[in-house]
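Undergrad: Fold the stuff below for me.
(one chain, ligands or ions: 2)
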Amino acid sequence: MNDSLTHTVLIDEPAIARTLDGLKRENDPVLLREVLAKARELKGLDMDDVSVLMSVTDTDLLEELFSAARCVKESIYGPRIVLFAPLYISNLCENECLYCAFRAGNRDIHRRALSQEEIAREVQFIIDQGHKRVLLVSGEGYPGEGFSYILRSIETVYATRSGKGEIRRVNVNIAPLSLDEFKQLKASGIGTYQLFQETYHRQTYAYMHPGGRKRNFDLRITAFDRAMQAGIDDVGVGVLFGLYDWRFEILALLQHVGHLERKFGVGPHTISVPRLEPAAGSRVAASPPHPVSDGDFMKIVAILRMAVPYTGMIMSTRETPRIRRATFALGISQISAGSRTNPGGYSEGIDEQDAQFQLGDHRPLDEVIRDLAQMGYIPSFCTACYRLGRTGNDFMELARPGDIKYRCDPNALSTFLEYLLDYASPETAQAGEELIRVHLDRMDDRQRKVASGMLKRVRAGHRDVYI
Ligand code: SAM
Ligand code: SF4
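TA: Numbers count the residues shown, from 1 in each chain. Ligands and ions are numbered 1, 2, ... in the order given. Next up, the predicted model:
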């Protein structure tokens, strides 16, 4: 057994319990303002700081908390929101996660693993919407060829072309792998390896995962150690909110982040915040044991933004347009749009019965883009950092001094203009062009010069223009 499997990442439950006890000091304005001042320095927060934030319930104090989160979000990420589409390639699964429609025991679902031809067709549909990034997702049960099915599928995604478009970054959300498999995954050219612990609470984890390989909490929590040892330095963590007390989950997540930072010198690239949604044949999903209210959900996003300021945050189409809009300013930097969560869903249409869970946002990409533009956000299809090797620590180095705005804003504008010229409806193109004008006006001279030059090249017919 290799090193990372024998040294389980310790989630210190007693330490979390002690911190949660401290929550009894609710709504202390002096303490809160101290923590918010620290958050505004963009250096992150420790567990005690976070417990102060979690204890806030007073409306005025909550507004102060949200305002500090907005400030952190704006200083590091500016007005950009990065877009991607999930690509479900298979709903075969050997596990029994009680909350998921794909669990092995659910006999009411039609099982399929897409062939490479079917994957290419899905990808063409995704490209034709205007996407440049996909998140490849699969149940844990691959057809005959085993793990190499995933590798072949990634190859297919990168090789597929449609019109002027192609997918430039493939992230994956698949079950934990061995060190050797992670090395093969790295060699396939993935961007981020994403995996959600679901719950960091061992007892709840054991209850929610009664069968299959996923029963093994330790195999899952050590997956990033193996991924990072294999050279994958962009990893994405997450919790499935609704399974256990969200306060516990946040503190445990921070312990996991701290572990990766100590061991590898770099934390996760992204944090996802999925909330339990109804799923075919799942009682747990229909009635979550620890439901998270909309108000608490916004608090979760704001707290994570301040606690780990340089880690991107992802919001999927599980959430409704209203919740998505409300969380952009508080901390979300990446969203999915125009999603289907049933294999074959892009080319063959949504099949609610075969989907992993119900969607909250059904709008097509064009409508989401127009909405973002009208709210003043720059929808970004940028994939520059990863393709220039700015991942892991290199990305953090770039992000820290705020230098990112000289690259990210121009890259966001040039990829956004590509979208407007190649895919947008007339209304979206109009809203988008107006947004580009406004942002160019707001830039300093250096930034504007760079961005204008890049936009000129895109208008002249160049594609994939980035710095
Ligand atoms: N099968 C792999 C696994 O479980 O890690 C990867 C893909 S799984 C399809 C992706 C994620 O979907 C899971 O990690 C889980 O957090 C989420 N999920 C499952 N059921 C859900 C539900 N009912 N509502 C919201 N998210 C759900
Ligand atoms: Fe399978 Fe993943 Fe669903 Fe669990 S969450 S049943 S492992 S697809």
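
Undergrad: Enumerate the residues of the stretch 351-467 of the chain near ligand 1.
TA: Applying Cβ under 6 Å from any ligand atom, we find that the stretch 351-467 of the chain lies next to ligand 1 at 356-357. (Each C-beta comes from the backbone N, C-alpha and C, glycine too.)

Undergrad: Of all the residues in the stretch 351-467 of the chain, which one is nearest ligand 1?
TA: residue 357 (3.7 Å; Cβ to the nearest ligand atom).

Undergrad: ok, that residue to residue 209 distance?
TA: When distance is defined by Cβ to Cβ, to the nearest Å, residue 357 is 17 Å away from residue 209.

Undergrad: same question, residue 338
TA: Taking Cβ to Cβ, one finds residue 338 at 31 Å from residue 209.

Undergrad: Go ahead and confirm the residue of the stretch 351-467 of the chain closest to ligand 1 touches residue 100.
TA: Yes - at 7.3 Å, residue 357 counts as touching residue 100 under the criterion of Cβ atoms under 8 Å.

Undergrad: which residues are in contact with both of these two?
TA: Counting by Cβ atoms under 8 Å, 6 or more residues apart in numbering, the common neighbours of residue 357 and residue 100 are 279, 285.

Undergrad: higher neighbour count, these two?
TA: Using other Cβ atoms under 10 Å, the more surrounded residue of residue 357 and residue 100 is residue 100, with 25 against 22.

Undergrad: got the contact list for that one?
TA: Counting by Cβ under 8 Å, 6+ apart, residue 100 has contacts 93, 279, 282, 285, 356-357.

Undergrad: could you redo the last one with a cut-off of 10 Å?
TA: Applying Cβ atoms under 10 Å, 6 or more residues apart in numbering, one finds that residue 100 lies in contact with 91, 93, 106, 139, 198, 208, 214, 240, 276, 279-282, 284-285, 356-357.

Undergrad: likewise residue 359?
TA: 277, 316-320, 336, 339-341, 350, 352.

Undergrad: Recalculate using a threshold of 7 Å.
TA: The contact partners of residue 359, by Cβ atoms under 7 Å, 6 or more residues apart in numbering, come to 317-318, 339, 341.

Undergrad: Residue 166 too?
TA: Counted by Cβ under 7 Å, 6+ apart, residue 166 has contacts residue 127.

Undergrad: One more pass at 8 Å, please.
TA: 127, 132, 158, 160.

Undergrad: of these, closest to residue 459?
TA: residue 132 (18.3 Å; Cβ to Cβ).

Undergrad: how much space between the closest one and residue 382?
TA: Distance from residue 132 to residue 382, by Cβ to Cβ: 8 Å.

Undergrad: where do the contact lists of the two overlap?
TA: With Cβ under 8 Å, 6+ apart as the test, residue 132 and residue 382 both reach residue 415.

Undergrad: How many residues are close by the closest residue to residue 433 other than its chain neighbours?
TA: Ranked by Cβ to Cβ, 6 or more residues apart in numbering and with sequence neighbours excluded, the top spatial neighbour of residue 433 is residue 420, at 6.6 Å. When neighbours are defined as other Cβ under 10 Å, residue 420 has 22 of them.
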